[in-house]
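Chemist: got a structure for you, letters missing:
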């Protein structure tokens, strides 16, 4: 049984302060991250209560696995002339909707309505201990669309979000006009290469500043973007939270999705117009370019665009080019072959 309610938190004032604060903070970030975490870094709450988002945050109340939980999302209206299209944005494993603010702003300016979701277990959404899987995630996205009365949407996912949009497009083809996989992870069936790991074994997981920083540095094969240190601060700050034991378990269960619920068998069943869009030098996977081409080959109606010399986050490294290409694809006729897009 699914119970849906909608809650709204007005953040107009804090959003303005956030945008001002980000501009000021960008001048203060060091060119290179410090070897150790700064002494003034403190704990960050489990549900990001102290992190302002740039638009009002709404909550969809769900009942899943016999638990009540709330899914946070921003519903951003077009600031440019409306084109009548909706884009459902899916974040990566180490992120949440707010981290993609520049892309949300650009899509809105170009006339798109944007739904940017913090999936259950991320950002401002609930952090339940449940058996996470991609069907669960896709069903939550469909519940949101149903609640808002949206019958068709383009869906874009970055990193782990690419796995989400793969599953969503397979399960809900009649809803999906376009699907874009941006540096998708989960490009192979990991069960063929390593044994299963029990997420409940071993007690509370550890996550040091250096290990978190190293993970984020892998996104950028060339220059480190100084302002990205803020995302390291937030992730590390949660390890100092009194709620870290639960958050650590949630992260292990989410990570288990990559192993337990691969999407490599979904692609051949997706007939929505698709784009594999990525930085070619993605350090998160060996032979990334070859694996990305395999995704394109498996999809029924797709094309691929890889950026040479760019890593896991093209929306950060080359935002102008990335946004131009993304928007051009989203504006294309969903009934025309993807091969004719470029």
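Modeler: Done, it's in. Small disclaimer: the values here were computed from a predicted structure and weren't measured.

Chemist: residue boundaries of the strands in the chain?
Modeler: 5-9, 57-64, 67-76, 86-90, 113-118, 153-158, 176-182, 273-279, 302-307 (DSSP state E).

Chemist: For this protein, give me the ranges with low pLDDT.
Modeler: Low-confidence segments of the chain, defined by pLDDT under 70: 1-27, 202-206, 342.

Chemist: In it, where's the longest helix?
Modeler: Longest helix of the chain, by residue count under DSSP state H: helix 244-260.

Chemist: Show me what that one is packed up against.
Modeler: Packing contacts for helix 244-260, counted by 3 or more C-beta pairs under 8 Å, 6 or more residues apart in numbering; DSSP states H and E, involve helix 160-171, helix 229-239. The way it works is simple: take the backbone N, C-alpha and C, and place the C-beta from them, glycine included.

Chemist: Grab the nearest non-local neighbour of the residue positioned nearest the centre of the chain.
Modeler: For the chain, residue 91 is the residue whose C-alpha lies nearest the centre (C-alpha atoms, centre = their mean; 0.7 Å). Spatial nearest neighbour of residue 91, excluding adjacent residues (C-beta to C-beta, 6 or more residues apart in numbering): residue 161 at 5.3 Å.

Chemist: List the buried residues in stretch 302-315.
Modeler: Using 16 or more other C-beta atoms under 10 Å as the test for burial, stretch 302-315 gives 302, 303, 304, 305, 306, 307, 310, 311, 312, 313, 314, 315.

Chemist: quick revisit: with distance to residue 340 as new columns, can the strands of the chain be given to me in CSV?
Modeler: Below are the strands of the chain laid out as CSV (distance: least, C-beta to C-beta, whole Å):
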stretch, distance to residue 340
strand 5-9, 40
strand 57-64, 37
strand 67-76, 30
strand 86-90, 21
strand 113-118, 26
strand 153-158, 17
strand 176-182, 14
strand 273-279, 10
strand 302-307, 9
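
Chemist: for those, which one sits closest to residue 139?
Modeler: strand 57-64 (8.2 Å; C-beta to C-beta).

Chemist: Just checking: what are the partner strands of the closest one?
Modeler: Taking DSSP bridges as the criterion, strand 57-64 forms sheet pairs with strand 5-9 (antiparallel), strand 67-76 (antiparallel).

Chemist: Could you report the distance from the residue nearest to residue 91 to residue 143?
Modeler: Residue 161 is 17 Å from residue 143, where distance means C-beta to C-beta, to the nearest Å.

Chemist: what does residue 219 give?
Modeler: From residue 219 to residue 143 the distance is 31 Å (C-beta to C-beta).

Chemist: If you count surrounding residues, which of those two has more?
Modeler: Neighbours per residue, other C-beta atoms under 10 Å: of residue 219 and residue 143, the larger number sits with residue 219, 23 against 16.

Chemist: Distance check, that one against residue 94.
Modeler: 9 Å.

Chemist: And residue 120, by the same measure?
Modeler: 16 Å.

Chemist: out of those two, which sits in the busier spot?
Modeler: Each of residue 120 and residue 94 has its neighbours counted (other C-beta under 10 Å); residue 120 has more, 25 against 18.

Chemist: show me what contacts that one?
Modeler: 62, 64, 69, 71, 126, 127, 128, 130, 132, 136, 137, 140 (C-beta atoms under 8 Å, 6 or more residues apart in numbering).

Chemist: Please consider this matter closed, and thank you.
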